[in-house]
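**Student:** sequence-free structure coming up:
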């Protein structure tokens, strides 16, 4: 059971170092990196790793959760920087990049697919909510057509990003995403 006490500064640094090291290993294709190697690279003992993450799967899960947290925080920032339709376009491209990152983590993620972890359902829900926020902002601005849900758009992107086993898939995914974005603008009130 997690303690309600705040984490000591050195423990927090160790945890952050472990997560950063694991993230780098998983994203660069070292999905089978052993916990001992991750701990060594992070500059901590393997016991320290296990104090923060009971299993290797818990470490993988937390790395993925961080990826999703960063991704789902983007819409608010994008809406501050861009018009709603441009914010949506940028976010669609971020989702394609996320799929590329997911490809790098695919082997690591397989280890938690066999568990009863709700992480993937939670990630899909949060991504659909982020898309919904951007769709609603674009519809309110009259630059994105109404009647499309974040969940539906996420499913369309899932189909696009499902091509990740094909050589050159990411360039094609970006092109298809541009077509999808143009379709979202077609029929909008203020479309040009």
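**Tutor:** Received the coordinates, thanks. As the structure is a prediction and not an experimental result, all values here were calculated from the model.

**Student:** any idea how far residue 29 lies from residue 173?
**Tutor:** Between residue 29 and residue 173 the distance is 19 Å, computed by Cβ to Cβ, to the nearest Å. (Each C-beta comes from the backbone N, C-alpha and C, glycine too.)

**Student:** who's more crowded, those two?
**Tutor:** A direct count of neighbours by other Cβ atoms under 10 Å for residue 29 and residue 173 places residue 173 higher, at 25 against 14.

**Student:** just the pLDDT at that one, thanks.
**Tutor:** The confidence metric pLDDT takes the value 88 at residue 173.

**Student:** so it makes contact with residue 161?
**Tutor:** Yes. Using Cβ atoms under 8 Å, residue 173 makes contact with residue 161 at a distance of 6.0 Å.

**Student:** what residues are shared contacts of those two?
**Tutor:** 96, 99 (Cβ atoms under 8 Å, 6 or more residues apart in numbering).

**Student:** please, which helix or strand holds the residue nearest the centre of the chain?
**Tutor:** When the chain is reduced to its mean C-alpha position, the closest residue under Cα atoms, centre = their mean turns out to be residue 68, at 3.4 Å. Residue 68 is located in helix 56-81, with elements delineated by DSSP states H and E.

**Student:** by contact count, what packs against that helix?
**Tutor:** Other helices and strands packing on helix 56-81, by 3 or more Cβ pairs under 8 Å, 6 or more residues apart in numbering; DSSP states H and E, are helix 9-27, helix 35-42, helix 84-113, helix 119-141.
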